[in-house]
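Enquirer: for reference, the sequence and a predicted model appear below.
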Amino acid sequence: MEIKPIRNEADYDAALATIDRLMGAPADTPEGDALDVLVTLVEAYEAKRWPVEAPDPISMIEHVMEARGFRQSELAALIGSQPRASEILNRRRPLTLRMIRALSREWQLPADALVREYDLASTA
């Protein structure tokens, strides 16, 4: 079996077809090794071809709150007050370093994702 880099859609389609054929191959066999290599190549091609941008900090906080069943009151307790939590979620006030540290520590959110710039709501 010849494994080569994935440079275009035809290579990508061929790799996916081969992966489909090799699916379920036992580990530590030539077929299993080929499957591992092809999956790695496909993942690298997909990441380069269709990159997924990290969400802005507020979208990430909203997603985490929804996924974990948190209410705005839990955010308020973490960052200082209910009005402050509302301002943050409505993009009327930026996150402060203290808030970022608290979110990172208590909710295990990556601080580097929380410090990304994001748009605030206009006051017009």
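Expert: That came through, no problem.

Enquirer: where along the protein do the helices fall?
Expert: Taking DSSP state H as the test, the helices found in the chain are 9-22, 30-49, 57-68, 72-79, 82-89, 97-107, 111-114.

Enquirer: could I get those in a markdown table, plus columns for mean pLDDT and distance to Ala121?
Expert: The way it works is simple: take the backbone N, C-alpha and C, and place the C-beta from them, glycine included. Converted to a markdown table, those look like this (pLDDT from 0 to 100; distance: least, C-beta to C-beta, whole Å):
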| stretch | mean pLDDT | distance to Ala121 |
| --- | --- | --- |
| helix 9-22 | 95 | 40 |
| helix 30-49 | 95 | 32 |
| helix 57-68 | 96 | 10 |
| helix 72-79 | 96 | 17 |
| helix 82-89 | 96 | 10 |
| helix 97-107 | 96 | 17 |
| helix 111-114 | 93 | 18 |
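
Enquirer: which of those helices sits closest to Ser122?
Expert: Taking C-beta to C-beta as the criterion, helix 82-89 is the member of these that comes nearest to Ser122, at 14.1 Å.

Enquirer: most centrally placed residue in the chain?
Expert: With distances taken as C-alpha atoms, centre = their mean, the chain has Ala54 as the residue nearest its mean C-alpha position (5.4 Å).

Enquirer: give me the number of residues near the closest residue to that one other than its chain neighbours?
Expert: Nearest residue to Ala54 in three dimensions, chain neighbours excluded: Ala113, at 5.5 Å (C-beta to C-beta, 6 or more residues apart in numbering). Using other C-beta atoms under 10 Å, Ala113 is surrounded by 16 other residues.
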